[in-house]
Each structure stands twice: as C-alpha cells, then as structure tokens.
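Trainee: A predicted structure for the sequence below; I have some questions about it.
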Amino acid sequence: MSLNKINIAVAGATGYVGLDLIKILSSHPRVSIKYLCAQKKIGKNIQFFDKRIKKKLPKISNLKNVEWNKIDVLFCSLPTGQSQILAKKLFKKYNLKIIDLSADFRLSNKKDFYKFYKLKHSAPELLKFSKYSLTEFAKKDLKKFKIIACPGCYPTSIQLPILPLLKKKLLNTKDIIIDSKSGYSGAGKNLKKKFTHKNIFSAIKAYGISNHRHTAEIDQEFKKATKLKIHYNFTPHLIPTFRGMLSTIYVEPKESVTINKIHNELKNFHKKNNFVKILPINKNLGTENVINTNLCEISVCKLKGSKKIMILSAIDNLIKGASGQAVQNMNIIYNLNEKIGLK
C-alpha cells in the first residue's frame with residue numbers, strides 16, 4: 001500500500017453489488033481503484049453500466065491483466081464458486097487482502113458448503129485463513145485474516161438484532177419466527193433465470209421455504225454465539241422493489257425478561273456501532289430511511305395479547321447487506337474511521 005492510498009481491484013465489477021461497491025469506493029478518500037474486472041464488455045467505461053458513478057476510472061478489463069503485486073485489496077463480487085478459485089491462485093503468491101462478497105468463505109465447514117450450494121469447495125485449505133465478518137461482531141479480529149467473508153444480506157438483517165439477545169440468553173430458543181422481504185436486486189442480474197413466476201416486477205413471492213441457502217450461515221453463527229441449536233423458521237420473500245430489506249422477527253423473551261430489557265440490551269450493545277440505530281419501542285419501521293445507506297434500523301414492538309415480541313430490522317440489501325459492509329470491513333483493517341466513504 002502506498003502512503004496515502006489503498007490500491008484496489010474489483011472482480012465482478014458490473015453486477016448490482018459490484019456497481020454499488022464501485023460507487024462507494026470511487027468517493028473514498030483513501031482508495032485508488034486500479035482495476036475493474038469482468039468477463040464481458042471489456043474496454044467499456046464503468047459509466048456504460050452505471051451513470052451514478054461520475055469519477056473517471058479504469059476501463060473494464062480481464063482479471064488476467066491485473067498486476068497483483070501492486071494491489072492491496074481485492075474485492076470479489078463474483079458468482080458462487082469463483083472467488084475460492086481466484087483466492088487459491090493468489091493466496092500464497094501475493095500479500096493482499098481478499099474481501100469476498102459471495103458465499104465462498106462464509107461457511108467454515110466444506111461439507112455444509114457442498115450441501116447448500118451443490119459445489120465442491122475448491123480451496124478448503126484456505127477456510128482457516130478466512131474470517132466471517134458481520135462487522136459489528138468481528139471488529140477485533142479482522143486484521144489477523146487475509147480473507148474476509150462478508151455475510152449475506154438476510155443474515156445481516158437477522159443477526160444484528162438477534163445475536164446480542166441470544167448471547168445474553170434473554171430469549172426462548174425453540175420458536176423464533178423470521179419473515180424477511182427483499183428487493184429483487186438481491187437475486188442479481190439473472191433474476192428471470194432464478195425466478196419464473198408471473199408478474200415478477202409487480203408480485204410478492206415466498207421462496208426457499210425451509211431450505212434457503214442462508215439458513216446454513218444463520219445456523220452457524222447462532223451456534224457460535226450460544227453453543228446451542230436455535231430452533232427458528234425463516235421464510236424469505238421477493239418483493240417488487242429494486243432494493244431494500246425488512247426482516248420481521250417474532251421472539252419470546254424468557255420469564256421475567258421485559259420488552260424494556262430487550263430494548264435496553266440492543267441499545268447498549270450497539271451504542272458504539274455507527275451504522276446500527278435502535279428506534280424507540282413500538283416505532284413503525286420500513287426501509288425508507290436505510291435505502292442507499294449503510295444503516296440498519298431496528299425497532300422492538302409489543303404484540304397485543306401475546307408473550308412474543310416483534311423485532312423489525314431494515315437494511316439496504318446492496319449496501320449494508322453487501323457493498324457497504326465490505327468497505328466498512330476494509331476501513332477497520334486499515335485503522336481508518338469505519339464511516340469513511342460511507343454516507
């Protein structure tokens with residue numbers, strides 16, 4: 001790394017997440033973008049794909065052209081299975097950090113990766129050198145690892161409100177219900193290949209019931225936090241809006257644990273987390289305040305005639321659920337204020 005700048009390469013530059021990532025990095029005062037890589041449209045300017053990006057940047061190039069010895073950080077925004085292949089080629093030969101926005105290094109068990117993604121892991125020997133990093137829970141350890149695995153968007157929206165409560169043993173762990181809704185950008189540019197239902201841009205669709213890939217990630221992190229098997233039901237929905245995610249989580253506090261206790265624990269845990277905002281009890285919540293930001297807003301609500309409490313968690317799936325969190329992780333690795341570049 002040069003004295004003032006972190007030299008960056010982005011692999012998978014032209015997908016939805018890649019473009020949001022580049023938009024953020026292009027205004028980051030400590031970043032110098034050296035390579036924007038993709039498999040198609042080689043030689044095009046990034047503005048061909050996203051007119052929001054105003055800064056003049058390197059044209060789209062092939063990964064084969066990257067001078068890796070001049071790169072400090074590689075951001076991987078690639079389809080599942082491709083980051084691990086690239087990491088295997090680079091890991092021993094070059095002294096760079098790999099910040100991966102795919103699922104390739106999220107699961108610490110290669111058997112779980114195969115079970116949920118139907119792919120044999122190409123670099124299982126690198127899993128021990130990777131760190132699953134939902135930033136608010138991983139700040140202390142990030143610098144020790146060469147590969148940083150950024151969480152999925154659904155697990156981000158779920159863990160930020162729930163993990164602090166599970167760690168403090170404030171919740172019954174047998175009947176947690178998670179209802180999450182995501183903008184269709186979460187499915188990527190191949191949306192119509194993944195979802196074939198009618199009126200895809202005007203309909204709401206439940207999918208991945210009981211076997212969504214992100215359940216492996218949620219299971220793993222719940223168990224790390226509690227050493228227990230947490231019993232929950234998770235249903236994701238695709239909604240007809242481009243970006244944004246709202247998770248509605250129904251939990252039952254343990255005996256004598258009040259809604260105020262739940263609320264205060266979340267406020268206390270996240271009081272130093274710049275991108276998590278705990279709203280007043282019973283505050284209505286949507287995605288309107290978090291769109292195009294790295295924020296997560298959380299509201300704790302009382303349910304009439306029930307012991308359960310409803311927790312609402314809103315993020316932008318492309319930013320706090322992906323690109324923004326990746327930049328947040330980079331800032332911490334390089335001892336920068338984690339808010340730099342993230343409005």
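Mentor: Yes, it's here. Residues are numbered from 1 along each chain as shown.
Trainee: now the strands: where do they sit in the protein?
Mentor: Secondary structure of the chain, counting by DSSP state E: strands at 6-11, 31-37, 60-61, 73-76, 97-100, 130-132, 147-149, 176-183, 205-206, 232-239, 245-251, 276-278, 296-302, 309-315.
Trainee: Any idea which of those strands gets closest to T156?
Mentor: Of all the strands of the chain, strand 309-315 sits nearest to T156, with 6.2 Å by C-beta to C-beta. Bear in mind the C-beta positions are built from the backbone N, C-alpha and C, glycine included.
Trainee: Tell me which strands that closest one pairs with, and in which orientation.
Mentor: Paired with strand 309-315 in the same sheet, following DSSP bridges, are strand 245-251 (antiparallel), strand 296-302 (antiparallel).
Trainee: want to throw the ones you listed into a markdown table with mean neighbour count and distance to F275?
Mentor: Putting these into a markdown table (neighbours: other C-beta atoms under 10 Å; distance: least, C-beta to C-beta, whole Å) gives the following:
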| stretch | mean neighbour count | distance to F275 |
| --- | --- | --- |
| strand 245-251 | 23 | 14 |
| strand 296-302 | 22 | 6 |
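Trainee: Between those, which one is closest to K41.
Mentor: Closest of the strands paired with strand 309-315 to K41 is strand 245-251, at 28.5 Å (criterion: C-beta to C-beta).
Trainee: before we move on, the earlier item: would you turn the strands paired with strand 309-315 into JSON lines with mean pLDDT and distance to D179?
Mentor: Converted to JSON lines, the strands paired with strand 309-315 look like this (pLDDT from 0 to 100; distance: least, C-beta to C-beta, whole Å):
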{"stretch": "strand 245-251", "mean pLDDT": "98", "distance to D179": "5"}
{"stretch": "strand 296-302", "mean pLDDT": "97", "distance to D179": "13"}
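Trainee: For N282, find the nearest of those strands.
Mentor: strand 296-302 (5.1 Å).
Trainee: Give me the contact list for that closest one.
Mentor: With contact meaning C-beta atoms under 8 Å, 6 or more residues apart in numbering, strand 296-302 is reached by 156-157, 160-161, 259, 262-263, 266, 270, 275-285, 289-290, 309-315, 320.
Trainee: from those, which would you call buried?
Mentor: 156-157, 160-161, 259, 262-263, 266, 270, 275-279, 285, 290, 309-315, 320 (16 or more other C-beta atoms under 10 Å).
Trainee: Select, out of the strands paired with strand 309-315, the one closest to L25.
Mentor: strand 296-302 (20.8 Å).
Trainee: Work out the gap between that closest one and the centre of the chain.
Mentor: Remark: strand 296-302 is offset 19 Å from the chain centroid, using C-alpha atoms, centre = their mean, to the nearest Å.
Trainee: Tell me who's in contact with the closest residue to S323 other than its chain neighbours.
Mentor: Residue nearest to S323 in three dimensions, not counting chain neighbours: L21, with 3.8 Å by C-beta to C-beta, 6 or more residues apart in numbering. Residues in contact with L21 (C-beta under 8 Å, 6+ apart) are 10, 75, 77, 101, 322-323, 326-327.
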